[in-house]
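>>> Generate coordinates for the sequence data below:
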Amino acid sequence: MSASPDSGQLSTTAAAMCAAGTAVLAIGIVAAQSRIAAARRLDRIVALHTVCCAVPLAVFGALHLSGPGFVVDLVPPFMPWRSFWAYFVGCALLAASLSIATGTGVRWSGLLFGIMMYLFVALIHLPGALRDPGRIPWTIVFREMSFGGAGWVLAGCAPDGWRGPAKRSLLQVGRLWIALAMVFFGVGHFLHPRGLPGVPLRMQMPAWVPGRELIDYVTGAALIVAAGSMVLNRRTRTVLSWVGTWLILLLLIIYGPVLFGALSKPDIRDQVTGINYFADTLLFVGVILVVADAAPPLPQP
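Prediction:
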């Protein structure tokens, strides 16, 4: 369903995505309230990692259920019941969102979410990148791998998480893909400045943003440094906390106006694209903060 060409009203699909994200935001903040209150300094940002992960999953889940036409064509043609899979993934994303937001059963929701992301890469995105080896297809491959990696890190670090060799494997594989995505995105910011920072896709920063190239260079350098910190296991929590804070500021200052501008447009495709860009970057912030949360705590004064 699309909005009327001259009404400027929010489409049903965009409204469902916003409503789902807002509802899970409230649930996640309430669930994390004690953790946030007990944290100090940058750890208060790290304490938002479950909220930053859960909200986008709710948004994407609502897209699958209220606007399956946007995603059904992504289902590989060899799979039967393509509409079924669009709805199934929507339900799975909403279930994972609520699990992560409330901290219930994250052992399984993180594991299964990670597996789902890796299947998306194997069945959809990697074949597409091999057929059309451009920057955007490969950015999507690394984006999805980083999302899956965060799911596995969550599963390994949850209070009811996996133990022993299973935990070590989940953490090692998850951190590896996240670090590779950071390097890929970081280099992308240097090669293609003026793009929206965080996950460097097609959309460009608005002309009203001052110092667009500088913002991308700073973001790219921060991501590369963060990846190095993860690989070397040096001050990982501190470095990733600062990078996550930087990206949250960019979300509020740049992505927020871009989102509201997209929602004011009459075309449903513009509305959904604006929401997806915001949610993608918020989820990548969650990815970074998940790794920060898994690192040793910051020293308290």
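
>>> Check which helix or strand the residue lying closest to Ala166 once chain neighbours are set aside maps to.
Nearest residue to Ala166, sequence neighbours excluded (Cβ to Cβ, 6 or more residues apart in numbering): Gly156, at 7.7 Å. C-beta: built from backbone N, CA, C; applies to glycine. Take DSSP states H and E as the rule and Gly156 turns out to sit in helix 135-157.

>>> Could you pull out the strands in the stretch 1-150 of the chain for me?
In the stretch 1-150 of the chain, no strands are defined using DSSP state E, counting those that start in this stretch.

>>> which stretches of the stretch 51-200 of the chain form helices?
For the stretch 51-200 of the chain, the helices defined by DSSP state H, counting those that start in this stretch occupy 82-102, 106-120, 126-131, 135-157, 164-191.

>>> Is Arg107 in contact with Ala158, as I believe?
Yes. If you go by Cβ atoms under 8 Å, Arg107 and Ala158 touch, sitting 5.3 Å apart.

>>> one step back: please identify the most buried of the helices of the stretch 51-200 of the chain.
Mean neighbours per residue, mean count of other Cβ atoms under 10 Å, is largest over those for helix 135-157, with a mean of 24.

>>> Show me what it packs onto, helices and strands only.
Applying 3 or more Cβ pairs under 8 Å, 6 or more residues apart in numbering; DSSP states H and E, we find helix 135-157 packed against helix 49-66, helix 106-120, helix 126-131, helix 164-191, helix 268-294.

>>> and with 6 Å instead?
helix 106-120, helix 126-131, helix 164-191, helix 268-294 (3 or more Cβ pairs under 6 Å, 6 or more residues apart in numbering; DSSP states H and E).

>>> out of the ones you listed, nearest to Ile45?
Ile45 lies closest to helix 268-294 among those, at 6.8 Å (Cβ to Cβ).

>>> distance between that closest one and the chain's centre?
Relative to the chain's own centre, helix 268-294 is displaced by 4 Å; criterion: Cα atoms, centre = their mean, to the nearest Å.

>>> model confidence over that helix, on average?
The pLDDT scores in helix 268-294 average 97.

>>> and it, which residues are buried?
Using 16 or more other Cβ atoms under 10 Å as the test for burial, helix 268-294 gives 268, 270-294.

>>> which other helices and strands contact it?
With contacts defined as 3+ Cβ pairs under 6 Å, 6+ apart, the packing partners of helix 268-294 are helix 12-31, helix 43-46, helix 49-66, helix 135-157, helix 236-250, helix 256-263.

>>> Tell me which of these sits most buried.
Among the helices and strands packed on helix 268-294, ranked by average contacts under mean count of other Cβ under 10 Å, first place goes to helix 49-66 (a mean of 26).

>>> All good on my end, thank you.
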